[in-house]
Each structure stands twice: as structure tokens, then as C-alpha cells.
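Chemist: need coordinates for the below:
(chains A and B)
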Amino acid sequence: MCTYLTEKIEISGSGKGASGWFALRGATVYFDHPVHAQAEHTLNIDFVDPGKGPSARVAVELTAESARALAQAIETTLASVPAGLAE
Amino acid sequence: MTDAMAAGTVRITGHGGDDIEAYLAQPLDRTGFGSVVVLHHMPGYDEPSKEITRRFASRGYAALMPNLHYRDAPGASPDDAAAACRASGGVPDDRLVGDVSAAVSYLKALDSANGKVGVIGYCSGGRQSFLAACKLPLDAAVDCYGAAIVRAPEGLPVTMTPIVGLAGDLSCPLLGLFGEEDKYPAPEETAELSAELTRLGKEHEFHTYPNAGHSFFSVNRPSYRPEAASEGWERIWEFYGRLLAS
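Modeler: Numbers count the residues shown, from 1 in each chain, chains lettered A, B, ... in the order given. Below is the predicted model of the structure:
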């Protein structure tokens, strides 16, 4: 089904889209039909800058297993950063 | 018959007087044709949906698919527009009805159209097809695995509220095509909808295919099930042939 379920957060950083690098202002996270991935549903993340229009977007579509592995890898990486660098 | 057709982007005046784009495909080798409004799925106004629109023209119908995400991202690629629409909460029901109404008017005004118009929608468009048929005077409606008609899973936004309460206003026969392995809508939910339509005396015809889940018509997705899709298309041609063709 089309779930419409969407988590939206504000973020700070940069991403590389179709027109090159741009500053990221937000991310939407949802579990729904992918555009490109060969799966019925995927965990999708759009890194965006709404102020630059809908094409200012870096998109990923991950299987649920891959998304969990990514989340774990992010947590593991951040946990291993020396004190004071990632605060 | 020469099988000649024309297809391309047109502009229509949608809900609220908004100028939006739509994809039109129509046969060139006949007159007196019926028409179909095509409602795309949540991934948007994409190439597979345009192929579906052309498929109706190849069978002798004029077909028009409004870009339901156009306002959220004018001129953007379909996937970017779908993402923008999602971020803003999805397609509001009243906007959908207004856009379908505009598409119906456009099709009825085509030279050589016979004035009969049906609607078909896939996935989220399945629910929207049912909604449009309850809100507008139409001649035939097809719901391909639309969820959230009878009940919505918890947590969905207001744009996906159940609409089975509108069934008494259904203006035309309804063809429902579903997968036995689908969870949204599950066979129990579509059976519930069928029972309600029977209770209300509303003409309908539901088919639930084995070995098929959601999106079994989508030829570019792993959910594609050729047997269910082929049988489903045959039911659509019979249904529209009876209700829309001259």
C-alpha cells in the first residue's frame, strides 16, 4: 500500500544532488513503495533543502534490513568518535 | 482501424482554478469513443503510469491522467514531486475530486467523445477512484487494490481516512481488482466493502487473485504478477466495453 507514513526532521550538513553539493536543511524518512529499488516497500530517506525547490534532494531507498544495518553503523561510528569531536 | 493514436501533455484547470498538467492519450482512428480518467499511484506521474494511459488509447478510449502532485512541485521530475507531495501530507481528498472533475470535463469536450467517462486508479489511486465515483457523476469506476477505504491502519495522516461511509453516493458500477496476498487492503476488508455495496444495492464486481499481492499490475516492480495482471486487464476491457464504449 501507499503508506504516507513520514517522519520529518531538521538536519544540518551537506549533500550532493543532481546539480552538485548543497546545504541540507531537512530529512524525510518513510517506509513505502520505492521509485527505483526492486522491492515492494523500502525505507526511504530524502535529504532536502525545501528552500531550493523539490529537486534539491538526495534520495536513498533501502531494504528494511539494509536500513537497520545503516542505522547501527551510524550509531557504532558515532560511539567510537574520540570524546569532544562529535558533540 | 489503423491503431493510430496521439499522446502528450496538456493543461487543465483543476481544483480551485489551478492550472495543472495532465497526460492525454487518445485514438485517432475512430469516433464516438468512451473516456477514462487515470489516477496514478503514490510514486507519481511516472513513465509506467503514462504507459497505462496509452494502453487505454490503444484499446479505443481517450485517457487523461492529471498530475496529482503538480502543485507540490511544478516542473519537477515525478519522483521529486512525489517526495514533495509526501512531505506536505499527501493529496487532499477535496483537491483530488476537483482535479478528477476537471479531467472529466476535459474528456467530455473532446471532439468525437461519446460523453461516457470512467475512472481507474492504482494503489492510493484505487481509493481515490472510489472517492471520485462517490462524489462525481461517472459511468464506471475501477479500484485496483486501493487501501484505507473501509479502515486505515493506525498512524496514517488525515489524507487517508476511511471513506466507506460515502458508498451510498456511489454513482456508477464499481470493478474491484485485488490480490489475495495483499495486507492493505486485505481480502477481509474488500469483502467488507463488497457486503456494504450489496446492502446498499450498488452494482459492483470484485475479483481477488491468488498468488498476487499489492501492485500486481506494475510491470516494472517485483510485485508484478503476469497471470493476475492479464486476467485483470481482461476484466477491465469487459467492464469498460459494457459501460463506456458506444
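
Chemist: just give me how far the host helix or strand of residue B:12 sits from the chain centre.
Modeler: If you go by DSSP states H and E, residue B:12 is part of strand B:5-13. In this view, strand B:5-13 has its centroid 17 Å away from the chain centroid, taken as Cα atoms, centre = their mean, to the nearest Å.

Chemist: cool, stretch B:212-230 as well?
Modeler: 16 Å.

Chemist: swap in stretch B:131-147?
Modeler: 7 Å.

Chemist: now stretch B:77-88
Modeler: 19 Å.

Chemist: just stretch A:12-21 next, same as before
Modeler: 12 Å.

Chemist: how about the residues of chain A near chain B?
Modeler: By Cβ under 8 Å from any Cβ of the partner chain, the residues of chain A that approach chain B are A:1-6, A:8, A:28, A:30, A:32-35, A:38-40, A:46, A:48, A:50, A:53-55, A:57, A:59. Heads up, the C-betas are built off the backbone N, CA and C, glycines and all.

Chemist: out of those, which sit inside strands?
Modeler: A:6, A:8, A:28, A:30, A:32, A:46, A:48, A:57, A:59 (DSSP state E).

Chemist: what distance do you get for the third one to residue A:74?
Modeler: When Cβ to Cβ, to the nearest Å is the yardstick, residue A:28 and residue A:74 sit 17 Å from each other.

Chemist: between the two, which is the more surrounded one?
Modeler: The neighbour comparison of residue A:28 against residue A:74 (other Cβ atoms under 10 Å in any protein chain shown) goes to residue A:28, with 19 against 10.

Chemist: got the contact list for that one?
Modeler: A:6-8, A:45-46, A:48, B:83, B:86-87 (Cβ atoms under 8 Å, 6 or more residues apart in numbering or on different chains).

Chemist: give the buried residues for stretch A:6-13.
Modeler: For stretch A:6-13, burial by neighbour count (16 or more other Cβ atoms under 10 Å in any protein chain shown) applies to residue A:6.

Chemist: how far off centre is that stretch?
Modeler: The mean C-alpha position of stretch A:6-13 is separated from the chain mean by 8 Å, Cα atoms, centre = their mean.

Chemist: identify the residues contacting it?
Modeler: Counting by Cβ under 8 Å, 6+ apart, A:23-30, A:47, B:86-87, B:157 sit against stretch A:6-13.

Chemist: wait, which of these is closest to residue B:235?
Modeler: residue B:86 (30.9 Å; Cβ to Cβ).

Chemist: out of everything not next to it in sequence, what's closest to that closest one?
Modeler: residue A:6 (5.7 Å; Cβ to Cβ, 6 or more residues apart in numbering or on different chains).

Chemist: name the SS class of residue B:83, please.
Modeler: Following DSSP: H, G, I helix; E, B strand; the rest coil, residue B:83 is assigned to helix.
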